[in-house]
Each structure stands twice: as structure tokens, then as C-alpha cells.
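In: Please work out how this folds:
(one chain, ligands or ions: 3)
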Amino acid sequence: MRSITLRNILVFVLALIIVGAALSTVTVGTKPPQTLGIGELVSEITAGNITAVDIRENKLTATRKDGTTVVSYKEPTESLPTLLRAYDLSPERLRELNIAVKQESGAMAWLAVLLPFLIPLLLLASFIYFMARQVQGANNRAMTFGQSGAREVQKNQKGRTTFKDVAGVREAKEELHEVVEFLKSPKKFTAVGAKIPKGVLLMGSPGTGKTLLARAVAGEANVPFFHISGSEFVEMFVGVGAARVRDLFSRAKKNAPCILFIDEIDAVGRQRGSGLGGSHDEREQTLNQILVEMDGFDPNAGVIVMAATNRPDVLDPALLRPGRFDRRVILDEPTMDDREAILQIHTRGKPLEREVSLRRLAERTPGFSGADLANLLNEGAILAARRGKKTIGMAELLESVEKVMLGPERKSRILSPEERRITAYHEAGHALVAHELTHADPVHKISIISRGHALGYTLKLPTEDRNLRSKGDFIDDLAIALGGYTAEREIFGDNELTTGASNDLRQATKVARRIITEYGMSDALGPRTFGAHSEMIFLGREITEQRDYSEKVAEAIDAEITKLTNAAMKTAQGIIRRERARMEEIVRILLTKETIEQEEFESLFTSHPHQMRAPREPIAPVAPAAREPRQKMRPAPQAA
Ligand code: ADP
Ligand code: MG
Ligand code: ZN
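Out: Ligands and ions are numbered 1, 2, ... in the order given. As a prediction, the model looks like this:
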């Protein structure tokens, strides 16, 4: 229905203008003859100037001796001879005058009368006709409401995705090889009494290739692939989702063996009875229908239901019961080798310069998902094209890394000289503290060019992929996060503190809170977690934290957070005071060149021989500390 409105109205207005313009040219084209009053006409006739008069209704067209015509008007009821006699025209003159009374030709007369009404009427009629057609289209759509609308990829289709298009995720691929086997030769398994799995659940962070892998399974097994997203089940009307599920499964069963893929299943598969929103009734019905359908079909029918989610924790337990999605495949975030392989896949069809090292790119992109990497190469290609190059160089790709990580450069944001100075000191503070602390990642770049929301940034990248982080890491993170704030304070004084550090402060507070409440790393509060994570949807937002501790403990947590952040500021302060000369050097370079790369930054420290480590309290070994393998370890860029 969207198309009716603006476009059609525009078309009609345009048509009206064209018709109007055409009509006006018809009358404007010929020059209108001179118009005389009756008195003037009579005197011309008396003078013998006029040879003939044509009468058409009340319009008199008189022809002069020289051939020109003049126009005059009379009352419609009055006949011309009577009129002329009333003006005392002599009968002889009247007889000489050639008077012709003309009738409008029939059709023309009718048209002249009707046309002004007919044109708008026609336009109106066609407008109504188009409207009616649109509405009918909507009606037709309403009839197909219960159909699933799943997209289908036929078997044997050209250019199908296969495992070759998926890099990394080795365990997941191995696991899914089995599924491919089931689909290719089910007899082999049923002969020995094995049941073919009905459901496979792919779990992994966004962009790790869940959708891609599901396609690849269908491609490898060369079976049809039905693809629908969980959110497509949910419509305004209750019951539609369930109808779509029924339709989808019956379509799949007709096409067995095949894969039925429900993407983002958490949209319908959330735990039942936990929602407050209005749509949850509908979701429950849809989910129930999925459960019923999955139980209903013969395990050897050859339909394998795959589903993907990045929130396995919110799924309804009924979905995960044996006989439903009992196979769970985890897609890990890519390691450095995986990242190189993914980059390799996505450089197909992109002309790279010889100097480009995908290995170096992989090193520079910890925490990037497959989708981020694909995006990075695309951005690089766009940048190369914009620069009028035929090939993509390392410079473009490195720039794209930062763009994907931090957002686009904002050259238009002009900082005043004073703001530039403050930003330079702020970033120098982050970088200096990061360099001096043992647990920190190496500084790759410092910049005072605005990017995304940040006025400047200090880019630190880990040297290797890490799954575990220690208390020492977090303590150092805190000091680095506060490095910018502390530098501003040291250089410009308390009164000159700016708002630019608020993001850092929030980040630091969050880290401190997690040290205490999630990782049990605080001596004062002991080895337990605080706050229960529960799933509740209220007005579309998740309220994930629920207090499971007393008011007194809340105070203790607050006090501990303050202690940690104050200690971190002390650490940063010590480093900045000690390395003040280096800080001035960093700021000087930043103000002239805007960015400092890793090599130059490192060389600042080798030029002065004394290199001291920051004095830090020894930290008790916290061996298997924060075990959080699926947490994104994206290096948090420090925003000014
Ligand atoms: P998800 O469904 O997990 O959110 P997708 O499968 O939609 O992620 O991935 C998005 C895109 O990222 C893919 O189309 C592909 O181009 C790229 N991608 C992600 N993971 C990989 C991978 N392991 N190998 C190759 N490309 C990948
Ligand atoms: Mg997906
Ligand atoms: Zn900062």
C-alpha cells in the first residue's frame, strides 16, 4: 500500500499539468483578432470597410476589405439585422453586407461543452481504478498470510555455499560433516538403528558465520535449503506465526531430504512465561507449534531442522530437550589463523597489491568476527576505488581496520587549539600508562583525529588471542582507562578537567564492578558473585541485573569500587609524574603530526636508557580466574 500515496499523486499532478499546458498552447498559438464594440463595428460597416460578417451564436466575426478580421459581440437574443437597423444602418449597406449565420458542428459543440467536465472525470476514474487494484493486491497478500514466506535455495543451484566458503570454526565444521553424511546417505545410519538427529542448534556471537555455515551444510549435502528468520513468524495477528510454522514444515517434508533453517530463533524461542510485552502470547503459540512440529515428524523423514542464535541462554529449555535441538554446535570467535583464512576467502575477486600481508592484518584485528573481516576488506576496496586505484594496498586496509573498529574519521570536527592540546595530553596519558604497565597490550597507534564519538584514540592490540584474563590485567586496564583523566588533572589542574573523560570513567567503573561482582577477585568481598542475571523483557528492554545481596553488601561493593579506581588513579599519577618529559615529547609530536605509530612511540622510550616499570603492589596469583571463554575480547579503544 506504500506505493499508492506519494508516487501516484505525483503522477496525477504531473498529468494535470501536462494536459493544462497542452490546452493552453492550442489557444495561445493563434493570435487573437482585434475586438470591437458594436458601435465601432457599425461605423466601419457604414464606412463600407466590412465585406462579410459571420455570426456564431453571439459572436460576430467581421472580415474587412483588406482581409483582416475583427470580433465583436452582441446579445444572444438580438438578431444582427435588427441590431444594425436600430443603429440606423441604411438598408442598401445592409444588403451589400454578406451575413452568414453559422451553426457549431454537432460533435464539436458537444465536445466543447463536455470536455471541461470529462478530463477531470477521466483522471478521477483512473485514480480510483489504480487505488482499487492496490487494495486488491493487499487482499491477495492477506490470503497468503499463513504461508511461511521462507526463501528456498534449490539443490544443484549454481554458486551454492559450501564448506570451502567457511574458514575457521573447525570443530563446528567437523560436527556438521556428520549432518551432511546423514543427509547424503541416511540408510547407512538407519541400518544400524541409529536415529538421525532432528535439530541442530548453532550458537555463536553475531557475525561468526552461523547463517553461512547452515547454508554450507545444505550446499555440501546438495539438498534444498529453506531459510526463514525467527522474527518473520511474528506478525501483528495472533495465530499467524503458528500457521507459518505449519506451512514451513509441510513444505520441508514435501522436499525431504532437506534443511530447514530458522535463523535468530531467539526471536520466537525465548523462555515462555517470562515476558510482559503484548506480543508474548503470539510468540508462545509460535514456539509451541515449532515444538509440536518437531515432535511430529518421523526422525528418518530426512528433514533436519537447523537453528541459529547468539543468545542460547535465553532459549526455552523445551527447545533443547532431546529429540528437538539436541545437537548443539558452538562457533568460536576466530583465532589469528582463522582470521587469516577468512581474509583469504574474502579477498577472492579483489586485486591486492603484492605488499599486502593478510597475516599482519590478522594480527591487527583481534576480536574481529568473520563479518567484521568481510566488512574490513570491503571498506578497503571502497577506499581504493575512491582514491582512483586499480588495486588495494596495505594502507587502505589498515585504515579500514580502524574504521571498522572505531567508526569513520571525522575530519570535519574542528577542535580549537586548546581542545587539541587537552586531547593530546589525554591520549598521551593513556599511551604512557599503557606502555609502563606489564599487563597492558602494546600501543599500536595514538591519534588526535576524531573518529566516531571519540576526539582522539589510543589503539592497543594484544599480541595473541587470549581466553583468560587475570586480575593483574584488569587492574592495569583500570589504570590505563584513567590515564587520560589523570593526565588532564596533572597538567591542567582540577579546575580545568573536561567532560571528555566521562566515557573513560564509565568504562573504569564498569571494569571495577566486574572485578568484584562477577569474577570474585576482591579480597574484601570474597569468592562469590553479586547480582543474578535474569531474563525479563519489559517495554522491549532487558533488565538483566537483579540484586541478590543486602543493602550492606551494596555499600561494601561501592566502597570497593572506589578503592580500586582510586588506586588505579594513583598508579597512573605515579607514571605520569615520573615520565613527564616523555609525555611532553608525545604531545609535541601529536600536535604537529596528529598521529604516532607504534615504531615511533617505542623509539621514544629507547632513546632514554633508564626504563623503569611502574611500582605496583604484587598481585597474588589468581590462576583460573575469569573463565569467560565466550566474552568478546575486542580491545577497548580508549575514547577521549
Ligand atoms: P551470523 O549469522 O553468525 O551472525 P553470518 O553467517 O551472517 O553471521 O556472517 C556474515 C558474513 O560474515 C558472512 O556472509 C561471511 O561473508 C562472513 N563470515 C562470517 N564468518 C565467516 C567464516 N568463518 N568464514 C568466512 N566468512 C565468514
Ligand atoms: Mg545470521
Ligand atoms: Zn580517554
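In: Any idea how many residues pack against the residue of the chain found nearest ligand 3?
Out: Closest residue of the chain to ligand 3, CB to the ion: G484 (3.3 Å). Any C-beta I mention is one placed from the backbone N, CA and C, and that applies to glycine too. Neighbour count of G484, defined by other CB atoms under 10 Å: 31.
In: Quick one: list the elements packing against the strand or helix carrying it.
Out: Using DSSP states H and E, G484 sits in helix 483-492. Counting by 3 or more CB pairs under 8 Å, 6 or more residues apart in numbering; DSSP states H and E, the packing neighbours recorded for helix 483-492 are helix 417-436, helix 502-517, helix 551-578.
In: where does the protein have its least confident helix or strand?
Out: strand 626-627 (a mean of 36; mean pLDDT, DSSP states H and E).
In: the longest helix in this protein is where?
Out: In the chain, taking DSSP state H as the definition, the longest helix is helix 106-143.
In: counting contacts, what elements does that one pack onto?
Out: If you count contacts as 3+ CB pairs under 8 Å, 6+ apart, helix 106-143 packs onto helix 9-29.
In: Could you tell me how many residues sit around the residue in the stretch 251-400 of the chain that ligand 1 sits nearest to?
Out: Per CB to the nearest ligand atom, G370 is where the stretch 251-400 of the chain lies closest to ligand 1, at 2.1 Å. Using other CB under 10 Å, G370 is surrounded by 29 other residues.
In: The residue nearest to it when sequence neighbours are not counted and G239: what is the separation?
Out: Nearest residue to G370, sequence neighbours excluded (CB to CB, 6 or more residues apart in numbering): G209, at 4.6 Å. Using CB to CB, to the nearest Å, G209 is found at 34 Å from G239.
In: which one of those two has more residues nearby?
Out: A direct count of neighbours by other CB under 10 Å for G209 and G239 places G209 higher, at 26 against 15.
In: give the contact list for that one.
Out: With contact set as CB atoms under 8 Å, 6 or more residues apart in numbering, G209 has these partners: V166, G168, V169, L331, G370, A371.
In: so what pLDDT did it get?
Out: Per-residue confidence (pLDDT) for G209: 92.
In: and what of G574?
Out: At G574, the model reports a pLDDT of 95.
In: Could you do P621 as well?
Out: We note a pLDDT of 39 for P621 in this prediction.
In: out of the helices and strands packed on helix 483-492, deepest packed?
Out: Compared across the helices and strands packed on helix 483-492, helix 417-436 shows the largest average neighbour count, a mean of 25 (mean count of other CB atoms under 10 Å).
In: Get me the contact residues on the stretch 351-500 of the chain for ligand 1.
Out: Taking CB under 6 Å from any ligand atom as the contact definition, the stretch 351-500 of the chain meets ligand 1 at G370, A371, A374.
In: Next up, the contacts around the first one.
Out: What that stands for is G370. When contacts are counted by CB under 8 Å, 6+ apart, G370 touches A167, G168, G207, T208, G209, L212, P334, I342.
In: give me that answer again for 7 Å
Out: By CB atoms under 7 Å, 6 or more residues apart in numbering, G370 lies in contact with G207, T208, G209, P334, I342.
In: got any ranges where the chain has weak pLDDT?
Out: Low-confidence segments of the chain (pLDDT under 70): 1-6, 8, 12, 20-32, 103-106, 135-149, 235-237, 272-280, 532-546, 607-640.
In: follow-up on the earlier one: using PDB, list the CA coordinates for the helix holding G484.
Out: Provided in PDB are the C-alpha atoms of helix 483-492 (Å, rounded to 0.1, in the frame of the first residue of the first chain):
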ATOM      1  CA  GLY A 483      45.400   7.600  32.300                       C
ATOM      2  CA  GLY A 484      43.700  10.200  30.200                       C
ATOM      3  CA  TYR A 485      41.800  11.700  33.000                       C
ATOM      4  CA  THR A 486      44.800  11.700  35.300                       C
ATOM      5  CA  ALA A 487      47.000  13.400  32.700                       C
ATOM      6  CA  GLU A 488      44.400  16.200  32.300                       C
ATOM      7  CA  ARG A 489      44.300  16.600  36.000                       C
ATOM      8  CA  GLU A 490      48.100  16.700  36.400                       C
ATOM      9  CA  ILE A 491      48.800  19.100  33.600                       C
ATOM     10  CA  PHE A 492      45.800  21.500  33.700                       C
END
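In: what's next to that helix, contact-wise?
Out: Contact partners of helix 483-492, identified using CB under 7 Å, 6+ apart, comprise 422, 425-430, 432-434, 497-498, 501, 504-505, 569, 572-573, 576-577, 583, 638, 640.
In: what's the burial count for the closest residue to P76 other than its chain neighbours?
Out: Nearest residue to P76, sequence neighbours excluded (CB to CB, 6+ apart): N58, at 4.3 Å. N58 is flanked by 12 other residues according to other CB under 10 Å.
In: for the most centrally placed residue in the chain, phi and psi?
Out: Against the mean C-alpha coordinate of the chain, by CA atoms, centre = their mean, the closest residue is N375 at 12.9 Å. The phi and psi torsions at N375 (degrees, to the nearest 10) take the values phi -60, psi -40.
In: Could you tell me which residues of the protein lie near ligand 1?
Out: Applying CB under 6 Å from any ligand atom, one finds that the chain approaches ligand 1 through 166-169, 204, 206-212, 308, 342, 345, 370-371, 374.
In: make it 5 Å
Out: Residues of the chain that fall close to ligand 1, judged by CB under 5 Å from any ligand atom: 166-168, 206-212, 342, 345, 370-371, 374.
In: rewinding a little: the contacts of G209 in helices, which ones?
Out: Among these, DSSP H puts G370, A371 in helices.
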